[in-house]
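1. Could you work out the structure for the sequence below:
(one chain, ligands or ions: 2)
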Amino acid sequence: MIISTGTASGKSLAYLTPAVASCLDGGTVLYLTPTKALAADQLRGLRELRITQLRAACFDGDTPFEERTWVRQHANYVLTNPDMLHRSVLPRHAQWSSFFRRLRMVVVDECHGYRGVFGSHVAQILRRLRRVCARYGSQPVFLLASATASEPGAFAMRLTGLEMAEVTSDGSPKGATTIALWEPPLTELRGERGAPVRRTATAEAADLLTDLVLANVRTLAFVRSRRGAETVALTARAKLAEVAFSLAGTPGPPTVDGSSPDRDTPMASLDPGTAPPRPGHGTTPPRSDQGATSPGSDQSALSWGVPDSAGWADLPDRIAAYRAGYLAEDRRLLEKALRSGSIMGLATTNALELGVDVSGLDAVLIAGWPGTRASLWQQAGRAGRDGQEALAVLIARDDPLDTYLVHHPQALFGQPVEAIVLDPDNPYVLGPHLCAAAAEIPLTDADLPVFGPTTPNVLDDLVTQGLLRKRPAGWFWTRRERATDLADIRGGGGAPIQVVESATGRLLGSVDEPSAHTTVHTGAVYLHQGETYLVELLDLEAGVALVGGPEPDYTTFARDVTEISVLASLRSHDLGPGSLHFGEVEVTRQVVSYLKRRLQSGEMLGDEPLDLPPRTLRTRAVWWTLPASEVAILAEEGFDLGGAAHAAEHAAIGLLPLFATCDRWDIGGVSTELHADTGLLTVFVYDGHEGGAGFAERGYARATDWLTATREAIASCECERGCPSCIQSPKCGNGNEPLDKRGAIHLLDTLLRSTPSAS
Ligand SMILES: [Zn+2]
Ligand SMILES: [Zn+2]
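-> Ligands and ions are numbered 1, 2, ... in the order given. Model (predicted):
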């Protein structure tokens, strides 16, 4: 069964009740979550129930070796994550035999996170789990909890391979939320090719956060990156320091009583008359003795809970930044400060969705489209306490999708949330898990249906490659290495690049090789657990990226050039006078340079060349072509066809995440006036993962809606010849040249002509 309802609707209680009952009844429960932090929180909740027969324990990378045996033999409620299940629990299933024998229920919490390639891996891990359970004679009930999603039953079935019942009605009480869609203005700044630049979403978020905190509204600001969240918090604190400075000597703020959680109706205090004046731009902000204006200082983020005693002087301390990786005690402290009102404003990344209870907020600011309608509603749902009215503001970033949404509220309201997309049949995902499954228990013909229809072909390939051995009794893993090492479930394959701090030699983490070219190239700004590093050197041969240096005040975007060849068109149909295809392609990508953009203003600081080798990827793509006769008409009207196709490609990549749960970084595109394989004007959008991830396929299925939205996004941007909010792309390897904005609109109009409006 899958429960798919909003934030704070009681999902935990819905699975805890039967799960705990199963334990009391002599059974065992396996609880899966994507992160260790959430498992730790759940464990605390279970222990607070004080039920002696409930022996709950976490089993993850942090579990001490000496405790692991106890967990395997005695725990009846085990909390773990898919990685641990894959690497440790399933390969050593014999040690877990008594647990598996009594397994009644598998809880898959926060399962909306299992999308794309990662989701496809988890889907195969769950199939391996089902097979191991069957070996021990148990057939557990799978209980999935998800944020609101479209067709949750179909998603849950793809994830588990089982028939699923869905629960989607949410009866929890909720006050009305006012939603504001906020587009920052164009500035005087000029970007690439002289394009106008909008004020950044983070700058607008900092202003709004300041105003709301001054108006005594408890506000949470969601910012995409941790660095962005810290910038918002620091900027807002600096602004509050200015206010405090200009108001010093006057009576303190209206409700500085940190001990009283009860206050006036929050929305009423939004009246500007009751708020202190906005910071004057002429005043010099005083240096705060709390370190409020020193970026990177941990003190600024951890100074919550400082009691208000001196009136205005402590105003900046009412805002904090929160990032993942805080200890549980710090998180509890922060929750307390929020509840008491000693913290009124908090800037955070989505990490907050996992781990901190922030019920009791009045307003939520969302800086930049969070990726899906599901996340938007989940984040907006954080505002509003005790059924009171609340405010949520979506602040658009300089991006075609954000532009489209703030101009087309109908794309948000009254629309179903997205379907969660994954592709468990991807042979690059399935292959390694078949090896792992064979290593666990040799595979037989009877197992094949568990792993899906492509299994026989993939097995043949694995035998040919010498990874599996076929015997009369089935398929066997006979190699010495661990089969589970073949599947890199959170990465994209290839040997990972180690990220090392050059000054100390400390290993910060690792990045899979395909992403290394775009995220840790020499000169890249790299973010790790809230800290910003400058990559001094990427050494691909040594597999190391050395980081360090001063904290830069800009972001970087890697730019690549791409070539694509069609291997096979799997499906196609007419699209207006042109045609639409979905199929297999080979993509050769080379990161050639990177763009530097100032963090706070969005101003472009230049394009630096890079020398990296090309990489080849076999994946899936959706593409459309236009016949020569139509191209000739557009050419006669004076449009730059290459520029029109290129502009349509950029905007289409920007808009696909509206239809498939992907990020614009998960997909790529190629456009050309004349493609060698099609002989026609062609625009491709491909999955940026080996073997494909289901995104292009979704684009094919929703092509008419997708291209209509793409056209609208371009047409509704007020710029004249194109800007980052419509057709420019920060990752364009051709420096956003050529681009023809009006040509792109006409090109899309041609394609969409006489096509039925429903897909
Ligand atoms: Zn524009
Ligand atoms: Zn481009």
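2. residue in the stretch 451-600 of the chain nearest to ligand 1?
-> Among the residues of the stretch 451-600 of the chain, R597 lies nearest to ligand 1; the distance is 16.2 Å by C-beta to the ion. Bear in mind the C-beta positions are built from the backbone N, C-alpha and C, glycine included.
3. how about that residue, what does it touch?
-> Contacts here follow C-beta atoms under 8 Å, 6 or more residues apart in numbering; on that basis R597 touches 554-557, 603-605, 730.
4. Please give the element, helix or strand, for it.
-> Secondary structure here is read from DSSP states H and E; on that basis R597 sits in strand 578-598.
5. Which strands and helices lie in contact with the following helix or strand past that strand?
-> The element immediately downstream of strand 578-598 (helix or strand, assigned by DSSP H and E) is strand 604-609. On a contact count with 3 or more C-beta pairs under 8 Å, 6 or more residues apart in numbering; DSSP states H and E, strand 604-609 meets strand 578-598.
6. Can you give the strand pairings for the strand it packs on, parallel or anti for each?
-> strand 554-575 (antiparallel), strand 604-609 (antiparallel), strand 615-626 (antiparallel) (DSSP bridges).
7. neighbours of E110, just the number please.
-> Neighbour count for E110, taken as other C-beta atoms under 10 Å: 18.
8. Quick check: it vs G368, distance?
-> Distance, E110 to G368, by C-beta to C-beta, to the nearest Å: 22 Å.
9. who are the neighbours in contact with P424?
-> Counting by C-beta under 8 Å, 6+ apart, P424 touches 120, 123-124, 127, 158-159, 161, 430, 452.
10. Same question for the strand holding R597: list its buried residues.
-> Of the residues in strand 578-598, those with enough neighbours to count as buried (16 or more other C-beta atoms under 10 Å) are 578-585, 587, 589-598.
11. and the residue of the chain positioned farthest from its centre, what are its phi and psi?
-> No residue in the chain sits farther from the centre than G249, which is 46.0 Å out by C-alpha atoms, centre = their mean. Main-chain torsions, G249, degrees, to the nearest 10: phi 100, psi -20.
12. Could you measure from it over to I441?
-> In terms of C-beta to C-beta, G249 sits 77 Å off from I441.
13. distance between the strand holding R597 and the chain's centre?
-> The chain centroid and the centroid of strand 578-598 are separated by 20 Å under C-alpha atoms, centre = their mean, to the nearest Å.
14. Also stretch 72-83?
-> The chain centroid and the centroid of stretch 72-83 are separated by 27 Å under C-alpha atoms, centre = their mean.
15. For stretch 409-429, output the C-alpha coordinates as PDB.
-> These are the backbone C-alpha positions of stretch 409-429, laid out as PDB (Å, rounded to 0.1, in the frame of the first residue of the first chain):
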ATOM      1  CA  PRO A 409      -0.400  30.300 -12.400                       C
ATOM      2  CA  GLN A 410      -2.800  27.900 -14.100                       C
ATOM      3  CA  ALA A 411       0.200  25.600 -14.500                       C
ATOM      4  CA  LEU A 412       0.300  25.400 -10.700                       C
ATOM      5  CA  PHE A 413      -3.200  25.700  -9.300                       C
ATOM      6  CA  GLY A 414      -5.800  23.000  -9.800                       C
ATOM      7  CA  GLN A 415      -3.100  20.800 -11.500                       C
ATOM      8  CA  PRO A 416      -2.200  17.300 -10.400                       C
ATOM      9  CA  VAL A 417       1.300  17.000  -9.000                       C
ATOM     10  CA  GLU A 418       3.900  15.200 -11.100                       C
ATOM     11  CA  ALA A 419       4.300  11.500 -11.500                       C
ATOM     12  CA  ILE A 420       7.500  10.200 -10.100                       C
ATOM     13  CA  VAL A 421       9.500   8.700 -12.900                       C
ATOM     14  CA  LEU A 422      12.000   5.800 -12.800                       C
ATOM     15  CA  ASP A 423      13.000   3.100 -15.200                       C
ATOM     16  CA  PRO A 424      13.900  -0.200 -13.400                       C
ATOM     17  CA  ASP A 425      14.300  -1.900 -16.800                       C
ATOM     18  CA  ASN A 426      17.400   0.300 -17.700                       C
ATOM     19  CA  PRO A 427      19.900  -2.500 -18.500                       C
ATOM     20  CA  TYR A 428      22.800  -0.500 -17.000                       C
ATOM     21  CA  VAL A 429      20.900  -0.600 -13.700                       C
END
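16. any idea how far the lengthiest helix in the chain is from the chain center?
-> For the chain, the helix with the greatest residue count under DSSP state H is helix 226-247. Averaging C-alpha positions (C-alpha atoms, centre = their mean) puts helix 226-247 27 Å from its chain's average.
17. swap in stretch 120-129?
-> On the basis of C-alpha atoms, centre = their mean, the separation between the geometric centre of stretch 120-129 and that of its chain is 21 Å.
18. I'd like the numbering to begin with 48 instead of 1 from here.
-> All right, first residue 48 from here; so that's stretch 167-176.
19. K58 is in contact with L191, isn't it?
-> No: using C-beta atoms under 8 Å, K58 makes no contact with L191, being 9.8 Å away.
20. overlap in contacts of the two?
-> Common contact partners of K58 and L191 (C-beta under 8 Å, 6+ apart): I50.
21. Name the residue in the two with the higher neighbour count.
-> Taking K58 and L191 together and counting by other C-beta under 10 Å, L191 has the greater number of neighbours (30 against 23).
22. For that one, give me its contacts.
-> Residues in contact with L191, defined by C-beta under 8 Å, 6+ apart, are 48-50, 154-155, 158, 199, 203, 206-207, 211.
23. swap in V188?
-> With the criterion set at C-beta under 8 Å, 6+ apart, V188 makes contact with 48, 65, 151-153.
24. Now it. Its backbone dihedrals?
-> phi -80, psi 130.
25. So what sits opposite it in the bridge?
-> Taking DSSP bridges as the rule, V188 bridges to M152.
26. T225 contacts L438, doesn't it?
-> Yes: counting by C-beta under 8 Å, T225 sits close enough to L438 to count as a contact (5.1 Å).
27. More neighbours: the two, which one.
-> Set side by side, T225 and L438 show more neighbours around L438, with 23 against 13, by other C-beta under 10 Å.
28. you'd agree the more buried one is in a helix?
-> No: residue state for L438 (DSSP: H, G, I helix; E, B strand; the rest coil) corresponds to strand; a helix is not indicated.
29. so what's the nearest residue to it once chain neighbours are set aside up against?
-> Here the nearest residue to L438 in space, its sequence neighbours aside, is A410; by C-beta to C-beta, 6 or more residues apart in numbering that works out to 4.2 Å. With contacts taken as C-beta under 8 Å, 6+ apart, A410 has the following neighbours: 259, 264-267, 313, 430, 437-440.
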